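Chemist: structure for this input, please:
(2 chains)
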Amino acid sequence: MPSQAVLPPLLKPYISSPSPSSLTVISSVLGATGNWLVLRFIYATLATAPYLHDASIPRNEKRKVVLVSFLRGWDFWRGEAKRLGLDLTRLQDKSQFAFVDGLSELFSVSTRPAPSPTPVLPGSAAPRTTLPVRSAPGVVPPRSGLHPALGTSTASINDGPTPLRFSGRGTTALDGLERDILRAVDRLKSTGSKDQEEQEEVSVLLIVDQPDLVLAATGPALGIGASEMGEWLLGLQQHVHSTVMTVSADTPLIHNASTFASQQPSPLETAQAAFVTGSAHRAETVIQLRNLETGAAKDVSGVLRISKGGAWEESCDQHADSPWEEREVLYFMQRDGGVRVFGRGE
Amino acid sequence: MSFRKRNIGLSSGLARTPAAHVPGQPLQAAPSPAPSPGIRPSPDDGRPTTSTGSLSLDNLLAGHAGLPMGKILLVEENGTTDFAGTLLRFYAAEGVVQGHKVHVVGVPEPWGRSLPGLIGAADATEDKSLKRKDEKMKIAWRYERLGEFGAGIAGSRAATGDQVQSAADGDQDSKQQAFCHAFDLTKRLTHPSISNMSFIPLVPSRESPFLSIYRRLQSAIASSPANTIHRIVIPSLLNPTIYPPESSQPEFVLQFLHSLRALLSTYAARVTAMITLPLSLFPRSSGLVRWMELIADGVIELCPFPHSSDALATSGAATAQEEPPQGMLKTHRLPVLHERGGGSDKNVGQDWAFILSRRKFEIKPFSLPPAEGDKEGQEGSQTSGMPKKADLEF
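Modeler: Take a look at the predicted model:
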């Protein structure tokens, strides 16, 4: 475990308790990725007393996290979380965490027909017809104990992450993705709570890692644009307590689409810019990660800027003791996985 | 006349290698922890890595001293030169020599016949010792203990290399040759397993042109025994002489790269991929290329100097002994490191120059020498690069 606190004090107020039905957008660029921040969101929500010697963070057994990742696999997240002292596998067993795999089979082209679009019953083995890809030999043994044996139809709650699959086109395809994600959310909500009321108490933090990939890799040819993606996200938001989304905001992806650009923007650039700026307007908080403008430095990984999104409301300000303010800080990832966050010149 | 001297800057890592294992010292003295040939644990965090076929590129990769398994390296190149293609050939040749299964996408078989020839370790030793002697003739004896001039300039690079290796010094060194080989561009590779390479042609189809490629890659990897190591080589992706025009549609190429990434994460312990991309056709300022970079794990850009500036580049050589650099190399993203959030690597933020010689692709820090007659500048560089005056006193 890193020697210092996992949650840098400067960041704590911003990531520990997103307000209800809020959207937090983390924008990153090629050289400054936001995975470490995503992990800290998970940590702030799930880490319990042994990990967290701090009473200032409201801790609730009913807080759960669903992580949907389109660009990174389970091995990555599990490995990196372990570096923070967070055992995602165990949390998954305890139904506090669920991972939805949007990487391994999203665009996989197989000869067999795509799973039927009707919601699969929890007990059916349909999504299991392919082996869970994480069981690649040679790597860490998969959580094979969690997987119900192939073909059996025991309605297991922990039947592991079901890989998302993009099938069809346009909103139909997005609806399919939404359904799969919501199934994971519902499953997480229903475990450990006996009745409807208790389920309502469960607050699920949904983290969607790089949904803009879906937009970029489909585009108008498949009938998906920025507005469809926006609606898709809105549909997901309705079912969870709060949402964190990471998007890419590299210069070519955002600024090529501006009217001042020298050349005609491609549909990809237009859609990405519209989606990212649109989300920022809908967000309560925008956390922007970027490289240091003055070039790389040995002790700075990047710049982190926290600003109010378009949907910011004064009532969101829950931390009377530490007034919420927009700020820009530098951060530095250490080899041990810890992160140091500091102001300029400190 | 010159190829021998080019080896000076980075050679410390390699030069130590032959010195490290005396002839007769059993190579297998070090118990090899890696079950597969050409795989070794990263000195940084122990994850399995494999060599890219060029030592200095290996050393550039964020302290892992190799390309971590399951990662995609994207090499972009400006202009019409083919330095990236050469890197790719080293990568493929290394795979052939290690007995890995090499899959080459999009180009016909003659590409495989143009792989650079292998230089044996013994050959390298001979070369090095010859060079050593050569050097001794030239350097005045009293400077000898102070190391080569110019070593300070390459110093930071070499230091990193040293540090990387210092963990398990002797053992690591003797394995070095087995991990990464040296190749000669003027020769052709002849190796029993060269026929083992598979070439995946583009098949014209009405759907995505990448679909058949992906299927073949996937079935080849899925059906192979669990201990087979695969290398996926994709030369000049989207180049219109190879790929049909519609392949640069984002829904085709990005879906393909995403599936490739998924494939590599599925078989994370067995597959690596290296892709080259011509930037003159697909500039980095376009959203498509940026997304390709975001999907890749490592992104390296080569910016060769134009020919007209040869004269300038010659005077730009840091010392008379050094070869002028042939271009700049930029690292935009390094595998693992940037996925974790970036930072803390010594190599990040350096300006790199590359020199391609007959026998190696060398990457070293780029530095412009002080202007001629610029006394202060020269002294400035001397304080860092040269021994202090006190050391020179008798």
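
Chemist: low-confidence stretches in the chain?
Modeler: No chain was given, so I picked chain A. Chain A contains residues with pLDDT under 70 at A:1-4, A:48-61, A:109-161, A:192-200, A:314-323.

Chemist: wrong one, chain B
Modeler: Using pLDDT under 70, chain B drops low at B:1-35, B:120-177, B:307-322, B:343-349, B:369-394.

Chemist: which residues of it fall in strands?
Modeler: With DSSP state E as the criterion, chain B has strands at B:39-41, B:48-50, B:67-68, B:72-77, B:101-105, B:116-119, B:182-188, B:198-200, B:230-234, B:271-278, B:298-304, B:327-333, B:352-356, B:361-365.

Chemist: kindly report the same for chain A.
Modeler: A:23-28, A:63-69, A:97-101, A:203-209, A:242-248, A:285-290, A:302-308, A:327-333, A:339-342.

Chemist: any idea of the angle the fourth one forms with strand A:97-101?
Modeler: Spelled out, it's strand A:203-209. 30 degrees (axes from the mean of the first three to the mean of the last three CA atoms, to 10 degrees).

Chemist: cool, the second one as well?
Modeler: Strand A:63-69 and strand A:97-101 are oriented at 10 degrees to each other (the same axes, to 10 degrees).

Chemist: is chain B within reach of strand A:63-69?
Modeler: No - under the criterion of CB under 8 Å from any CB of the partner chain, chain B is not reached by strand A:63-69; the shortest gap measures 10.6 Å. C-beta here means a position set from N, CA and C on the backbone, and glycine is covered the same way.

Chemist: so which elements touch that strand?
Modeler: Where contact means 3 or more CB pairs under 8 Å, 6 or more residues apart in numbering or on different chains; DSSP states H and E, strand A:63-69 is packed against helix A:35-46, strand A:97-101, helix A:170-190, strand A:203-209.

Chemist: most distant residue from the middle of chain A?
Modeler: A:S262 (34.2 Å; CA atoms, centre = their mean).

Chemist: for the stretch 201-346 of chain A, what lies in contact range of chain B?
Modeler: Residues of the stretch 201-346 of chain A found near chain B (CB under 8 Å from any CB) are A:213, A:216-219, A:221-222, A:248, A:250-253, A:256, A:265-269, A:272, A:295-302, A:331-335, A:337, A:339.

Chemist: of these, which belong to helices?
Modeler: Using DSSP state H, the members of those that fall in helices are A:L213, A:A216, A:A217, A:T218, A:T251, A:P252, A:L253, A:P267, A:L268, A:E269, A:Q272.

Chemist: mind checking which of the residues you listed are buried?
Modeler: A:L213, A:A216, A:A217, A:T218, A:P252, A:L253, A:L268, A:E269, A:Q272 (16 or more other CB atoms under 10 Å in any protein chain shown).

Chemist: from those, which two are the most distant?
Modeler: Distance extremes for these: the farthest pair is A:T218 and A:P252 at 18.6 Å, using CB to CB.

Chemist: my guess is A:G168 contacts A:L174. True?
Modeler: No - look at A:G168 against A:L174 with CB atoms under 8 Å: they stay out of range, at 9.1 Å.

Chemist: so these two - more neighbours on which side?
Modeler: Neighbours per residue, other CB atoms under 10 Å in any protein chain shown: of A:G168 and A:L174, the larger number sits with A:L174, 25 against 15.

Chemist: quick one, what contacts that one?
Modeler: A:V214, A:I224, A:E228, A:M229, A:W232 (CB atoms under 8 Å, 6 or more residues apart in numbering or on different chains).

Chemist: what's near enough to touch A:D180?
Modeler: Per CB under 8 Å, 6+ apart, neighbours of A:D180: A:V100, A:T162, A:L164, A:R165.

Chemist: from A:T285, how far out is the first one?
Modeler: From A:V100 across to A:T285, the span is 23 Å (CB to CB, to the nearest Å).

Chemist: again, but for the second one
Modeler: Spatial separation of A:T162 from A:T285 under the definition CB to CB is 30 Å.

Chemist: now do the last one
Modeler: Taking CB to CB as the criterion, A:R165 is separated from A:T285 by 31 Å.

Chemist: what sits closest to residue 256 if chain neighbours are left out?
Modeler: Looking at chain A here, since you left the chain open. Distance criterion CB to CB, 6 or more residues apart in numbering or on different chains; nearest residue to A:N256, sequence neighbours excluded, is A:E269 at 4.3 Å.

Chemist: was after chain B, sorry
Modeler: B:F210 (3.6 Å).

Chemist: the one you found touches B:H258, doesn't it?
Modeler: No - using CB under 8 Å, B:F210 and B:H258 do not qualify as a contacting pair, with a distance of 10.6 Å.

Chemist: can I get the helices and strands packed on strand A:63-69 in JSON lines with distance to A:L88?
Modeler: Output for the helices and strands packed on strand A:63-69, formatted as JSON lines (distance: least, CB to CB, whole Å):
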{"stretch": "helix A:35-46", "distance to A:L88": "8"}
{"stretch": "strand A:97-101", "distance to A:L88": "6"}
{"stretch": "helix A:170-190", "distance to A:L88": "13"}
{"stretch": "strand A:203-209", "distance to A:L88": "12"}
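
Chemist: ranking the ones you listed by burial, who's on top?
Modeler: Across the helices and strands packed on strand A:63-69, the average number of neighbours (mean count of other CB atoms under 10 Å in any protein chain shown) peaks for strand A:97-101, which reaches a mean of 25.

Chemist: tell me how far that one lies from the chain's centre.
Modeler: 10 Å (CA atoms, centre = their mean, to the nearest Å).

Chemist: give me the helices and strands touching that strand, please.
Modeler: Counting contacts by 3+ CB pairs under 8 Å, 6+ apart, strand A:97-101 is packed against strand A:63-69, helix A:74-83, helix A:88-93, helix A:170-190.

Chemist: turn the ones you listed into TSV, columns for distance to A:L23.
Modeler: Formatted as TSV, the helices and strands packed on strand A:97-101 follow (distance: least, CB to CB, whole Å):
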stretch	distance to A:L23
strand A:63-69	14
helix A:74-83	21
helix A:88-93	23
helix A:170-190	15
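
Chemist: A:S28 is nearest to which of these?
Modeler: Nearest of those (CB to CB): strand A:63-69, 13.5 Å.

Chemist: show me what the closest one is in contact with.
Modeler: Counting by CB under 8 Å, 6+ apart, A:38, A:41-42, A:45-46, A:77, A:95-103, A:164, A:181, A:184-185, A:188-189, A:202-211, A:240 sit against strand A:63-69.

Chemist: perfect, that will be all.
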